[in-house]
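S.K.: My questions concern the predicted model and sequence given below.
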Amino acid sequence: MRVFDYIIVCKTSDFKRVDRISQFMLLLTIIGLSFGIYKGFFAKPTLIIAIISAVLSWTLFCIYQQKKGGQPYYRLGLLFASWGWFLMPKALLIAGVYLIAALFERQVKFPYEIAFDTEGIVINTFPKKHYPWSAIQNAIIKDDIITIDFNNNRLIQKEINEPVTETISAEFNTFCSQQINH
């Protein structure tokens, strides 16, 4: 496991759009599976009814969690939905889409982190991005904003999640300038 000298957690935007898409997908599952029961696609719909109940319960739990100020994760509901679509005739592709959504939902909501060590900078996104110090022209923290200026004129500026003291800012800026000039 790699140990970093500095890890900066940046402010992230809210995930309303991701949550709305997840809620919409779960609603489509409830409607689609209910329609499948209505049309008689299942000889014994007991399992499908259980899946619909699980999807509905998890959706309501996530909405409750969001109202309490928490971060909801719909991945378990999406996993149940994927299972339901897998059991539906000719819906294997839809099941795959739901499974992929369940696998990547948490990664999409992961906080934006930038890690620094003597080898370079790692940005924790999907997929992780690694930049050697030779690709960096400047990296500083000023006024609780981190700025990374690349040699190719690309610029990353992000607001930091928590206030940074002047001492830590100076220490970080010194570390970065030493790595760039090394």
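M.R.: Ah, there it is. Residues are numbered from 1 along each chain as shown.

S.K.: where in the protein is pLDDT low?
M.R.: Scanning the chain for pLDDT under 70 picks out the ranges 1, 126.

S.K.: just so I have it, where are all the helices in it?
M.R.: Using DSSP state H, the helices of the chain run over 16-39, 46-67, 75-87, 92-108, 166-181.

S.K.: Which one, of those, ends up nearest to residue 158?
M.R.: When the helices of the chain are compared by Cβ to Cβ, helix 166-181 sits nearest residue 158, at 14.0 Å. Just so you know, the C-beta spots here come from the backbone N, C-alpha and C atoms, and that holds for glycine as well.

S.K.: picking that back up, taking the helices of the chain together, which one is wrapped up most tightly?
M.R.: Using mean count of other Cβ atoms under 10 Å, the stretch among the helices of the chain with the largest mean neighbour count is helix 75-87, at a mean of 22.

S.K.: Which strands and helices lie in contact with it?
M.R.: If contacts are counted by 3 or more Cβ pairs under 8 Å, 6 or more residues apart in numbering; DSSP states H and E, helix 75-87 sits against helix 16-39, helix 46-67, helix 92-108.

S.K.: Let me have those in CSV, extended by distance to residue 9.
M.R.: Below are the helices and strands packed on helix 75-87 laid out as CSV (distance: least, Cβ to Cβ, whole Å):
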stretch, distance to residue 9
helix 16-39, 19
helix 46-67, 21
helix 92-108, 16
